[in-house]
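J.: Got a predicted structure plus its sequence, pasted below:
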Amino acid sequence: METLELNTLRKTELKIENINFDHANLTDIAAAVADTLGIDRKEVFVTDLRGNNMTLDILKDCIDAYKLVGKKGELLKKLSEIPGVSVTPETNFSSDGVLGWIANDDPEVMEAIERSKGMAEEISNNIMKRAVVFSSGSEVEEKQIVDTNTPFISKRLEKEGYNVTKGTTLEDDKWMISSKLREAAESGGYGLIITTGGVGAEDKDHTVEAVLSLDKNAATPYICHFEKGTGRHVKDGVKIAVGEYNGSLIVSLPGPNDEVKASMDILTKGLKEDIGKSVLAERLAANLRNIWRSKVEKGDHHLHKYGH
């Protein structure tokens with residue numbers, strides 16, 4: 001079933017004019033309005049009744065246009081069936097916002113809605129193909145090391161049709177990272193947000209925690225485990241994170257460039273398949289675990305360099 005969510009822009013009052021009441025139940029009236037518009041009954045309240053005019057408040061930020069436009073006849077019928085309510089030929093509905101479309105059954109309005117839907121879908125598709133990539137860590141910020149991850153990720157995503165922006169380097173601070181990710185999701189218009197680094201087990205690694213602050217249900221599988229307190233490890237292992245916030249998918253990868261490179265085919269394939277954050281996170285983590293095991297077998301002494 002088609003839907004098109006329209007923002008009420010806080011103009012949530014709906015007025016019913018020239019209607020007669022005689023010991024009518026206000027709860028039943030609110031319920032009739034809610035049912036007609038496909039809204040939860042708990043979100044519709046009668047706020048004012050003066051003579052033959054009533055005002056209702058609809059506590060909903062967005063409403064489906066297809067359940068709104070041209071609903072006057074259906075709503076009048078439901079109201080007339082309520083004991084103590086009498087509609088008249090002059091009964092009408094009005095609002096300062098989109099709720100006023102209840103009384104509008106002009107075919108041109110529906111045509112305008114269809115055009116708007118097409119524009120909204122186009123805008124949504126464009127946003128989903130916009131990505132921003134953040135590196136992290138003081139080593140990158142102070143230019144002690146070269147950020148090789150962002151160029152590689154950008155080039156790989158561009159091959160998939162993404163418009164990629166290079167984000168600022170994230171500081172080693174949970175709330176600063178969270179703020180940057182929130183800003184990108186809320187104001188940047190990015191469908192995909194990728195971070196590299198800051199997922200390790202040291203006290204300076206905060207990226208996973210920042211993602212969880214935005215999405216408490218983010219998927220955060222382990223890549224490897226450590227014993228807390230050994231060396232510089234204050235956490236029990238290395239994780240990655242895949243979360244969602246405000247319609248943006250957030251993917252937090254490790255810092256080592258070989259692990260980033262090894263993750264991109266899995267990531268792009270998962271994005272095409274739209275597999276969901278939990279499945280995507282586990283696929284990425286499983287591949288990274290294999291890389292970890294390979295490094296252990298080779299006796300790599302730089303295994304703990306996560307976080308840049």
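T.: Here it is on my side, so go on.

J.: where does the stretch 101-250 of the chain dip in pLDDT?
T.: Where the stretch 101-250 of the chain drops to pLDDT under 70, the residues are 105-110, 112-125, 137-145, 229, 231.

J.: what about the helices in it?
T.: For the stretch 101-250 of the chain, the helices defined by DSSP state H, counting those that start in this stretch cover 107-128, 138-141, 149-159, 174-186, 207-214.

J.: can you tell me which residues contact Asn20?
T.: Asn52, Val85, Ser86, Val87, Thr88 (CB atoms under 8 Å, 6 or more residues apart in numbering). Where you see a C-beta, it was placed from the backbone N, CA and C, and this is true even at glycine.

J.: chain center to stretch 79-89: distance?
T.: Centroid separation for stretch 79-89 versus its chain: 42 Å, with CA atoms, centre = their mean, to the nearest Å.

J.: just to revisit the earlier point, could you turn the buried ones of the contacts of Asn20 into a PyMOL selection?
T.: Per 16 or more other CB atoms under 10 Å, the buried members of the contacts of Asn20 correspond to this PyMOL selection:
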select buried, resi 85+87
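
J.: could you dump the contacts of Asn20 to JSON lines with pLDDT, secondary structure and distance to Asn163?
T.: JSON lines is the format used below for those (pLDDT from 0 to 100; DSSP: H, G, I helix; E, B strand; the rest coil; distance: CB to CB, whole Å):
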{"residue": "Asn52", "pLDDT": "94", "secondary structure": "coil", "distance to Asn163": "55"}
{"residue": "Val85", "pLDDT": "96", "secondary structure": "strand", "distance to Asn163": "54"}
{"residue": "Ser86", "pLDDT": "96", "secondary structure": "strand", "distance to Asn163": "58"}
{"residue": "Val87", "pLDDT": "95", "secondary structure": "strand", "distance to Asn163": "53"}
{"residue": "Thr88", "pLDDT": "94", "secondary structure": "strand", "distance to Asn163": "56"}
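
J.: So which of the contacts of Asn20 is the closest to Ala201?
T.: Distance ranking of those against Ala201, using CB to CB, places Val85 first at 65.9 Å.

J.: how far away is the closest one from Gly73?
T.: Per CB to CB, to the nearest Å, Val85 is found 16 Å from Gly73.

J.: swap in Lys60?
T.: Distance of Lys60 to Gly73, computed by CB to CB: 22 Å.

J.: repeat for Asp61
T.: 26 Å.

J.: go on, Ser213?
T.: From Ser213 over to Gly73 the distance is 49 Å, taken as CB to CB.

J.: of those two, who's got more company?
T.: Neighbour count, other CB atoms under 10 Å: between Ser213 and Gly73, Ser213 has more, with 19 against 11.

J.: What sits closest to that one if chain neighbours are left out?
T.: Ser178 (4.7 Å; CB to CB, 6 or more residues apart in numbering).
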